[in-house]
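*Asks:* Let's see this in three dimensions:
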Amino acid sequence: MNAQLEQPASAAGKIMLVGIGPGSVDHMTQRARDAIAEADVVIGYVTYIKLVADLIEGKEIIRKSMTEELDRAVSALEAARAGKKVALISSGDAGVYGMAGPTYEVLFQSGWTPEDPVQVEIIPGASALNSCAALVGAPLTHDFCAISLSDLLTPWPTIARRLDAVAMADFVVALYNPKSGRRTRQIVEAQRLFLRHRRPDTPVAIVKSAYRRRENIVFTTLDSMADADIGMLSTVLIGNSNTFVRDGLMVTPRGYANKYDMQEGGATREGERAGRSLSTGLLGWLDTLRAEHDAGASVDALAAQYRLPADYIRATLDEPWEAEVVNAGEEGEA
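*Replies:* Alright, predicted model coming up:
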């Protein structure tokens with residue numbers, strides 16, 4: 001690829017990186033529709049072009065295959081240098097495993113800067129994790145992350161370290177690109193890593209083609225996950241230690257039960273205060289940590305107990321500490 005494109009003297013155009021959401025027109029933002037409407041040229045992977053077929057009649061269409069992301073970006077820049085408005089489309093969100101990153105790489109390689117006559121606009125859309133979560137319940141209500149299992153551009157040891165780290169840290173995890181015709185073992189390895197830290201019965205939801213014609217949803221568990229029908233159009237949602245499935249809905253509690261008695265009309269639990277950090281939040285934990293250390297617990301023992309690095313525990317204990325004075329301000333959570 002050679003992105004060293006010379007800029008002509010004529011007025012330059014614009015590149016609009018459009019996230020079209022899950023694929024149904026109903027779930028596209030109005031700005032995404034407007035961007036496609038005002039574009040002279042629409043560029044995208046062939047499947048994404050089909051998803052917006054009703055919006056692109058009469059426009060110049062450039063279709064590219066799955067592995068031609070850089071070519072899409074180069075084509076967009078060439079068209080914009082020629083004074084055209086370009087809609088470079090991604091499913092989901094252009095900045096989440098989409099075309100925003102490759103496009104900026106091509107732009108910077110060509111010498112482009114934000115002051116360049118070619119304008120760039122990123123138009124956000126709902127990513128797969130948002131769409132799939134909406135279909136299965138509320139699995140992302142607490143901390144979560146996304147990891148792609150595609151090793152086409154990322155070394156497997158890097159992916160494996162990320163999987164192991166988030167599995168141990170009890171994140172809800174959305175797996176993108178979990179499996180393809182040639183990449184079949186990655187999902188098995190991901191399952192193996194998760195089972196080192198999670199219960200076999202951890203809830204898993206597998207959503208294929210969310211909000212598209214062949215939409216399919218399967219609820220399963222971590223120990224059976226790799227046996228399910230999974231492909232490139234699937235997103236795999238793995239729950240954390242508190243996630244549950246009830247009446248066909250996958251839910252991850254936000255943590256209100258830690259502070260409030262849900263059986264007693266939401267009364268605050270003993271030792272807790274509404275609008276303040278948990279008694280086991282940072283300040284309470286620091287008090288407990290120091291007390292345990294003063295009682296004879298070693299740094300290594302405390303590190304093992306809390307599954308935290310020993311050097312972090314040691315640095316925390318070495319930090320000068322006064323009892324709770326900081327908890328006086330109002331917080332933005334219950």
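
*Asks:* what's the strand or helix carrying Trp285 packed up against?
*Replies:* Using DSSP states H and E, Trp285 sits in helix 282-294. Under the contact definition 3 or more C-beta pairs under 8 Å, 6 or more residues apart in numbering; DSSP states H and E, helix 282-294 sits against helix 299-306, helix 310-318. C-beta coordinates here come from the backbone N, C-alpha and C atoms, glycine included.

*Asks:* taking the mean pLDDT, what do you get for it?
*Replies:* For helix 282-294, mean pLDDT is 93.

*Asks:* what stretches of this structure score poorly on pLDDT?
*Replies:* 1-11, 66, 264-265, 321-334 (pLDDT under 70).

*Asks:* From the centroid of the protein, which residue is nearest?
*Replies:* Within the chain, the residue whose C-alpha comes closest to the C-alpha centroid is Ala146; the distance, by C-alpha atoms, centre = their mean, is 3.7 Å.

*Asks:* Am I right that that one falls within a strand?
*Replies:* Yes: with DSSP: H, G, I helix; E, B strand; the rest coil as the criterion, Ala146 is part of a strand.

*Asks:* Look up the closest residue to it, ignoring the ones flanking it.
*Replies:* Ala174 (4.5 Å; C-beta to C-beta, 6 or more residues apart in numbering).

*Asks:* Specify the local secondary structure of the one you found.
*Replies:* What three-state DSSP gives for Ala174 is strand.

*Asks:* Contact partners for it?
*Replies:* Applying C-beta atoms under 8 Å, 6 or more residues apart in numbering, we find Ala174 in contact with 128-129, 132-133, 140, 144-147, 235-238.

*Asks:* Equivalent analysis for Glu215, please.
*Replies:* For Glu215, the contact set (C-beta under 8 Å, 6+ apart) comprises 135, 207-209.

*Asks:* What's opposite the residue nearest to Ala146 in the beta bridge?
*Replies:* In this entry, Ala174 is beta-bridged to Ala146, Leu237, by DSSP bridges.

*Asks:* before we move on, back to that, pull out the buried positions in the helix holding Trp285.
*Replies:* Of the residues in helix 282-294, those buried by neighbour count under the rule 16 or more other C-beta atoms under 10 Å are 283-284, 286, 289, 292-293.

*Asks:* all helices of the protein, in order?
*Replies:* Counting by DSSP state H, the chain forms helices over residues 30-38, 46-51, 69-81, 100-109, 128-136, 156-168, 186-195, 256-259, 282-294, 299-306, 310-318, given from the N-terminal end onward.

*Asks:* Quick check: which of the ones you listed is nearest to Asp229?
*Replies:* Closest of these to Asp229 is helix 186-195, at 11.3 Å (criterion: C-beta to C-beta).

*Asks:* Next, the buried residues of stretch 272-283.
*Replies:* Buried residues in stretch 272-283, counted by 16+ other C-beta under 10 Å: 272, 276-279, 283.

*Asks:* Give the bridge partners for Ile217, please.
*Replies:* Judged by DSSP bridges, the bridge partners of Ile217 are Val207.

*Asks:* Now the terminal residues of stretch 222-236, how far apart.
*Replies:* Using C-alpha to C-alpha, to the nearest Å, one end of stretch 222-236 lies 10 Å from the other.

*Asks:* Then stretch 99-115?
*Replies:* Distance across stretch 99-115, first residue to last, is 21 Å (C-alpha to C-alpha).

*Asks:* Show me how far it is from its chain's centre.
*Replies:* 23 Å (C-alpha atoms, centre = their mean, to the nearest Å).

*Asks:* and the two most separated of the contacts of Ala174?
*Replies:* Comparing all pairs in those by C-beta to C-beta, the longest separation belongs to Ala133 and Ile147, at 15.4 Å.

*Asks:* ok, the two, which is more surrounded?
*Replies:* Between Ala133 and Ile147, counting by other C-beta atoms under 10 Å, Ala133 is the more crowded of the two (25 against 21).

*Asks:* hang on, that one packs against Leu237?
*Replies:* Yes: assessed by C-beta atoms under 8 Å, Ala133 is found in contact with Leu237 at 6.7 Å.

*Asks:* overlap in contacts of those two?
*Replies:* Taking C-beta under 8 Å, 6+ apart as the criterion, Ala133 and Leu237 both touch 139-140, 174.

*Asks:* how many other residues sit next to Gln119?
*Replies:* Burial of Gln119, expressed as a neighbour count using other C-beta under 10 Å, amounts to 13.
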